[in-house]
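S.K.: Mind folding the following:
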Amino acid sequence: MASPKYIPLKYKFSAALLGIVLSACSVFFFSVYRTTYQDKQLFIRDLSLATLDAALSAITFEFKTRMDDMQSVIRKIYESRVSVASDPRAQVFANLSSSLQNEILGVSFYQPNADKTFTLAHRYTNDKLLKQEGLPSTLLTDIENRYPPLQEPAFRQEELTLLNRSVQIGNDLRPYPVVTFLFQVIFADQKVERNVVAVDLSQDFLRRILKRSEVSDLFLVTRDGKLLSHSNLETTVQFSAQAFAHPIVHRLGQETQSSESLELDWDNETYLFNLANTGFKDLYIVSQTAKDQVFLALQTLVNQSLLLATAVIWVVILLGILFAGRLTVNIKKLKEAAEQVGQGNLNVKLNIRSNDELRDVSNSFKWMTKRINELITESMQKGRMEHELQTAKLVQTTLLAPPQLQAPSMELASHYSPMTECGGDFWDGWIRDNKLTLLVADATGHGASAAIATAVAKASVETLNAFFKEKAHSCSETIAAFNSIMYASCKGSVLMTMSLFQLDLTTGEVSLCSAGHEAPLRLPALSGKPQRKQKEGEAPFRPEFLIARGERLGYSPDSQYQEVKYQLEPGDTILLYTDGITEAPNKDGKEWGERSLKKHLSEGFKQPLSAVCSAIAQGVQSHIQGVGQNDDITFVLLRWTPRSLAKAA
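M.R.: Numbering: from 1, shown residues only. So this is what the prediction gives:
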């Protein structure tokens, strides 16, 4: 598996800092943009609606005013019965308001035919206005020829119809906006005449109103999709008397409210629309606002914000690199110092100037190197001590080597397992005057002090045996001598327990002295009457203690030791041991105990002592498995087999 690519910490830190800044800027700008966008959208909507309402009020007022003036003109024409041929036309428009005199182009009367067609009856043109505007005198005729008013499918005789009949004039195709009011009038004379009147006006008054907004385009459109007037003159002329190709027309064909706000796409751009009904013959006024134009200021804000964010990011990158560089300098020093420590230089000088966690790391590193130096020194001392202990163990093993005792009337086996390199237990024995003397001892404590005490005791044994070869001393004399030597050598700082056992190999008489040690166990042989009913494979007798009492060796030079006599029967087995075997605990803290020791001793009553010795050792080791020894373990097995017993067998 390939190891990951090495990336310096300063770059990681800069990247993390940059990521945090980018995330914060993104969240901030998104929130600001969204809030500004919604606020701007509501502002433009309210502004468009306000503009639309103002334009609607103005258009309604202008339409009503002009309708009243038109009725005055038509009434005057009816009362004078002026004909096209005889009327001085200037009189028809003489009494009009000044605004209408500069707007009205002419008035045309149409009479209905039997076949429901209409014939032009009279036409009155405002020659003064035509001349003033530089328009041809045949303008109305040209407009009628191009856009016949009574062929409009939307015209109904009972209602007012508004028509856009704007044209282009002259060779230069100058656009001129014209709006036509088409409605029916009834002249009552001797007979009723139903006439249709077409009043043509200049659209300048409408366009002045529609051009008031600097943000939106305003226009008038009918429900059936005809453009009446637009703030843009070219658009007004372009869609004169024809369908207005605009998406808002489809919306007008549906059920609409009196006023409505929409967002529609047209010509690859998005526009905001507001529309309202004027109240005249399904005529609607519409405001159209380019969304890009509306949010131009917002886009400017976004661009400036991006520039500012870019500048902030560069500053963050530079500051991050500088800060991370200062941070990683100290880390690099730590790395180099660690490498020197790894090479064995524990006196490395670490100079880190920092007032943050790196100062604590530096102090910990200095403490670590100092502690490592101390541990190495301790390890060296410990190694030297272990070497010395191994030497002491070798000396003690050689010094405390078990004696090689053999006699025809006995069987002997032993086990010794120290807890540490230097043990505090030992056993020894010798045969003199056909008497076997065995001792098992246990010095208080562990380690070197206990080993010294056992060495002193062993030396005492050798000394006594060297100087008193001729005769076997009694148990009480021997143990008293040991007490004097231990007290003189250790001055009471180290004590020792001892069980001294002496057996007459001929008679089986036993002398026993104890210096505060565990009492030996005796397992009777087959002679005598059994103590209880035996089970198959069970010893006929239970092990019993041989009791003797006395003070520990080295406690007092005046200690007295009582010698107790016992008589063995042929085949009896004696077990001398230290407390390390009975007090050995398992993982639950339970000691192996005297009961287990007696059980293993009893089970081997028919077996050789070597097998019994192995069974006892294995039993205690199984008990302490997983825990280990907490004391030295020493025990000696003796079985008396006099010749008389051997012959009888």
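S.K.: where do the helices sit along the stretch 201-350 of the chain?
M.R.: Along the stretch 201-350 of the chain, the segments classed as helices by DSSP state H, counting those that start in this stretch run 204-210, 233-238, 247-252, 291-294, 296-342.
S.K.: What is the first one packed up against?
M.R.: Secondary structure elements in contact with helix 204-210, counted by 3 or more CB pairs under 8 Å, 6 or more residues apart in numbering; DSSP states H and E, are helix 9-80, strand 217-222, strand 227-230. All C-beta spots, glycine's among them, are computed from the backbone N, C-alpha and C.
S.K.: Could I get those in CSV, plus columns for distance to Thr420?
M.R.: CSV is the format used below for these (distance: least, CB to CB, whole Å):
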stretch, distance to Thr420
helix 9-80, 50
strand 217-222, 106
strand 227-230, 112
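S.K.: Mean pLDDT lowest where, among these?
M.R.: Lowest mean pLDDT within the helices and strands packed on helix 204-210: helix 9-80, a mean of 75.
S.K.: need the next SSE after that helix, C-terminal direction.
M.R.: Downstream of helix 9-80, the next assigned helix or strand under DSSP states H and E is helix 98-101.
S.K.: Starting from the following helix or strand past that next one, tell me which strands it pairs with and how they run.
M.R.: Later in the chain than helix 98-101, the nearest helix or strand by DSSP H and E is strand 104-112. Partners of strand 104-112 in the sheet, by DSSP bridges, are strand 118-125 (antiparallel), strand 192-202 (antiparallel).
S.K.: so which of these comes closest to Ala466?
M.R.: strand 192-202 (155.4 Å; CB to CB).
S.K.: show me where pLDDT drops low in the stretch 51-200 of the chain?
M.R.: Applying pLDDT under 70 to the stretch 51-200 of the chain flags the ranges 78-92, 94-95, 151-159, 186-194.
S.K.: ok, 80 please
M.R.: 51-52, 68-101, 114-117, 149-160, 170-172, 185-195 (pLDDT under 80).
S.K.: now the stretch 201-350 of the chain
M.R.: The stretch 201-350 of the chain contains residues with pLDDT under 80 at 213-215, 241-242, 250-261, 266-267, 279-282, 291-306, 309, 312-313, 316-350.
S.K.: rerun at 50
M.R.: For the stretch 201-350 of the chain, no stretch has pLDDT under 50.
S.K.: Spit out the contact partners of Val440.
M.R.: By CB atoms under 8 Å, 6 or more residues apart in numbering, the contact list for Val440 reads Asp425, Trp427, Met498, Ser499, His517, Leu576, Tyr577, Thr578, Thr634, Phe635, Val636.
S.K.: Looking at the residues you listed, which are in strands?
M.R.: Applying DSSP state E to the contacts of Val440, the entries found in strands are Asp425, Trp427, Met498, Ser499, Leu576, Tyr577, Thr634, Phe635, Val636.
S.K.: Closest one to Ser14 out of the residues you listed, please.
M.R.: Distance to Ser14 across those (CB to CB) is lowest for Asp425, with 70.2 Å.
S.K.: ok, the closest one touching Met419?
M.R.: No. The criterion here is CB atoms under 8 Å, and Asp425 misses it with Met419 at 9.1 Å.
S.K.: ok, these two, which is more surrounded?
M.R.: Asp425 (26 against 18; other CB atoms under 10 Å).
S.K.: contacting residues for that one?
M.R.: For Asp425, the contact set (CB under 8 Å, 6+ apart) comprises Tyr416, Pro418, Val440, Ala441, Asp442, Ala443, Thr454, Thr578, Gly580, Asp632, Ile633, Thr634.
S.K.: Need the pLDDT of it.
M.R.: 88.
S.K.: where's it relative to Ala441, distance?
M.R.: Between Asp425 and Ala441 the computed distance is 7 Å (CB to CB, to the nearest Å).
S.K.: shared neighbours, the two?
M.R.: Residues touching both Asp425 and Ala441 (CB under 8 Å, 6+ apart) are Thr454, Thr578.
S.K.: What number of residues are in the vicinity of Thr236?
M.R.: Neighbours around Thr236, by other CB under 10 Å: 26.
S.K.: how about it, what does it touch?
M.R.: Each residue near Thr236 by CB under 8 Å, 6+ apart is listed here: Asn164, Ser166, Pro175, Pro177, Gln203, Arg207, Leu227, Ser229, His230.
S.K.: Widest-spaced pair of these?
M.R.: Every pair of those checked by CB to CB; the farthest is Pro175 and Leu227, at 13.7 Å.
S.K.: More neighbours: those two, which one.
M.R.: Taking neighbours as other CB under 10 Å, Pro175 and Leu227 compare with Leu227 leading, 25 against 15.
S.K.: Please tell me I have it right and that one contacts Val237.
M.R.: No. Using CB under 8 Å, Leu227 is not in contact with Val237; the gap is 10.0 Å.
S.K.: about what we covered before: identify the contacts common to Asp425 and Met419.
M.R.: With CB under 8 Å, 6+ apart as the test, Asp425 and Met419 both reach Gly580, Asp632, Ile633.
S.K.: From Leu283, how far off is Leu252?
M.R.: 10 Å.
S.K.: Give the PyMOL command for selecting the buried subset of the contacts of Thr236.
M.R.: Buried residues among those (16 or more other CB atoms under 10 Å), as a PyMOL selection:
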select buried, resi 164+166+177+203+207+227+229+230
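S.K.: Give the closest residue to Ser137 in space, chain neighbours not counted.
M.R.: Closest residue to Ser137 apart from its sequence neighbours, by CB to CB, 6 or more residues apart in numbering: Leu130 at 5.9 Å.
S.K.: From what I see, the one you found and Leu105 are in contact.
M.R.: Yes. Between Leu130 and Leu105 there is a contact under CB under 8 Å: 6.9 Å.
S.K.: any shared contact partners between these two?
M.R.: Leu139.
S.K.: Between these two, tell me which one has more neighbours.
M.R.: Leu105 (22 against 17).
S.K.: measure the closest residue to that one other than its chain neighbours to Leu500 for me?
M.R.: Distances taken as CB to CB, 6+ apart place Asp200 nearest to Leu105, at 4.3 Å, with adjacent residues excluded. Distance of Asp200 to Leu500, given as CB to CB: 153 Å.
S.K.: do the same with Gly626
M.R.: 36 Å.
S.K.: what do you get for Ser622?
M.R.: Counting by CB to CB, the gap from Ser622 to Leu500 is 31 Å.
S.K.: Show me which of the two is the more surrounded one.
M.R.: Per other CB under 10 Å, whichever of Ser622 and Leu500 has more neighbours is Leu500, with 26 against 10.
S.K.: Quick one: neighbours of the closest residue to Leu100 other than its chain neighbours, just the number.
M.R.: Using CB to CB, 6+ apart and skipping the chain neighbours, the partner closest in space to Leu100 is Asp69 (4.6 Å). By other CB under 10 Å, 19 other residues sit near Asp69.
S.K.: about what we covered before: what would the helices of the stretch 201-350 of the chain look like in TSV with distance to Ser99?
M.R.: TSV is the format used below for these (distance: least, CB to CB, whole Å):
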stretch	distance to Ser99
helix 204-210	7
helix 233-238	20
helix 247-252	30
helix 291-294	33
helix 296-342	37
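S.K.: And those helices: which comes nearest Arg549?
M.R.: Short answer: helix 296-342, nearest of the helices of the stretch 201-350 of the chain by CB to CB, at 62.2 Å.
S.K.: Show me what that closest one is packed up against.
M.R.: helix 9-80, helix 357-399.
S.K.: I figured Leu96 hits Gln71, correct?
M.R.: No. Using CB under 8 Å, Leu96 makes no contact with Gln71, being 11.5 Å away.
S.K.: which of the two has more neighbours?
M.R.: Taking other CB under 10 Å, Leu96 and Gln71 do not tie; Leu96 has more neighbours (18 against 13).
S.K.: hang on, Asp442 in a strand?
M.R.: Yes. The assignment for Asp442 is a strand, going by DSSP: H, G, I helix; E, B strand; the rest coil.
S.K.: what's around it, how many residues?
M.R.: If you count neighbours by other CB under 10 Å, Asp442 ends up with 29.
S.K.: Test my guess that it contacts Glu583.
M.R.: No. Using CB under 8 Å, Asp442 is not in contact with Glu583; the gap is 11.1 Å.
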